[in-house]
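**Q** Fold the following for me, if possible:
(one chain, ligands or ions: 1)
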Amino acid sequence: MYNSKIIGLGKYLPEHVVTNDDLSKMMDTNDAWIQERTGIKERRWIKEGTDDTSAIMGAKASKMAIERSGLTNDDIDFIVFATMTPDYYFPGCGVQIQEMLGLKNVGAIDIRNQCSGFVYAISVADQFIKTGMYKNILVVGSEYHSNGLDKTTRGRGVTVIFGDGAGACVLSREEDTTKGILSTHLHSEGKYADKLIVESPSIKHWVPQILESEEEDLSYFPYMDGTFVFKHAVVRFSEVIMEGLQKNGLQKEDIDMLIPHQANLRIAQFIQKKFALTDDQVFNNIQKYGNTTAASVIIALTEAWEEGKIKAGDNVVLAAFGSGFTWASAIIKW
Ligand code: COA
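**A** Prediction:
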């Protein structure tokens, strides 16, 4: 058995910045409410008329990750792509990346685990490397939310939170099993699927049925029971971080860097307090980007690394919670 380690990190954020004040021109909201409840100051939304999509942004982030890894495209053995906002209903974005980057005809799979998507994706990739099946895997998280949000007052409880962006990493074989990804922990609880959901179009409620609906059918916009999600998130984040620490005989104080999924700054602050971590031990960038679901953990990890906040030998913890419900963690010896 091998371990896997991250050898290259990349990100791509669309240029177009949307501030809270910009949102208040579209709907009844305001900067104070958004900052107080979520910590978000601005987010990036793909500008209408530009080419970016989940796959294209994912390809841009991947290019950076592969360049930084020192490998070439030909060295990539497999693609794992996490997104809840794919370019097409099918096929998935993974195969688009293969084409866009001109990779060999390697396998490509898509992961559908929303905010937990990237941690699930890295766990899947890790298993392929552990068993020796693949040596270098491209793992991508990318989301294009802005085109699917209700930008009226009706949608304000959800729309102000989400942003667009992408991150990617190259995961590679590590012979020393005390280094790299030490363990990953995945969970789900489908009974709460309807608490955070985009219901349609689904195969049981397809486009003609939406259009034929006598009352306005808004099931194609995301629905979220925010308070319910919040309460579950703080519990599950804590549990899954503890599970990872215990599995590796680590204590709370052994965490050098916690990268929580950027759902809400208040959730991250709650976890920080619970684990008695200093500001230097937790990385947040939700203030700039909002919640980019499957892209958030990998964008944050990339920025923490770019800012020199992660050093060789550090214990890095990734943790996420989201729609499903799903939640997950990864414990990494950098
Ligand atoms: N601007 C201004 N007012 C808003 C608003 C907005 N953008 N969105 C909602 N409100 C209003 C509501 O209509 C409600 O008004 P009322 O009291 O007159 O009915 C009031 O603010 C409180 O709404 P509520 O939904 O109870 O707010 P909250 O304190 O729960 O905060 C969230 C809302 C969404 C920020 C919060 O619940 C949250 O972050 N939940 C977790 C979300 C999350 O992490 N999702 C991603 C998956 S991990």
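
**Q** Next up, the contacts around the residue in the stretch 101-250 of the chain positioned nearest to the ligand.
**A** With distances taken as Cβ to the nearest ligand atom, the stretch 101-250 of the chain approaches the ligand most closely at Gly226, which sits 2.7 Å away. Glycine gets a C-beta too; all of them are placed from N, C-alpha and C. Contact criterion Cβ atoms under 8 Å, 6 or more residues apart in numbering gives 157-158 as the residues in contact with Gly226.

**Q** Also Asp176?
**A** By Cβ under 8 Å, 6+ apart, the residues touching Asp176 are Asn3.

**Q** next one: Val170
**A** Contact partners of Val170, counting by Cβ under 8 Å, 6+ apart, are 6-8, 65-66, 69, 71, 76, 136-139.

**Q** Could you do Ala108 as well?
**A** 78-81, 92, 94-95, 97-98.

**Q** What is the neighbour count of Asn264?
**A** Here the neighbour count serves as a burial measure; for Asn264 (other Cβ atoms under 10 Å) it reads 23.

**Q** quick one: it and Ile40, what's the gap?
**A** Using Cβ to Cβ, to the nearest Å, one obtains 8 Å as the distance from Asn264 to Ile40.

**Q** list the contacts for the nearest residue to Asn284 once chain neighbours are set aside?
**A** Using Cβ to Cβ, 6 or more residues apart in numbering and skipping residues adjacent in sequence, the residue nearest Asn284 is Ala268, 5.3 Å away. For Ala268, the contacting residues are 39, 260, 262, 282, 284, 286, taking Cβ under 8 Å, 6+ apart as the criterion.

**Q** Filter these down to just the ones in helices.
**A** When helices are assigned by DSSP state H, the members of the contacts of Ala268 inside them are Ile286.

**Q** I'd like the contacts of Ala268 laid out as JSON lines, including neighbour count.
**A** Rendered in JSON lines, the data for these read as follows (neighbours: other Cβ atoms under 10 Å):
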{"residue": "Gly39", "neighbour count": "18"}
{"residue": "Pro260", "neighbour count": "29"}
{"residue": "Gln262", "neighbour count": "31"}
{"residue": "Val282", "neighbour count": "20"}
{"residue": "Asn284", "neighbour count": "19"}
{"residue": "Ile286", "neighbour count": "26"}
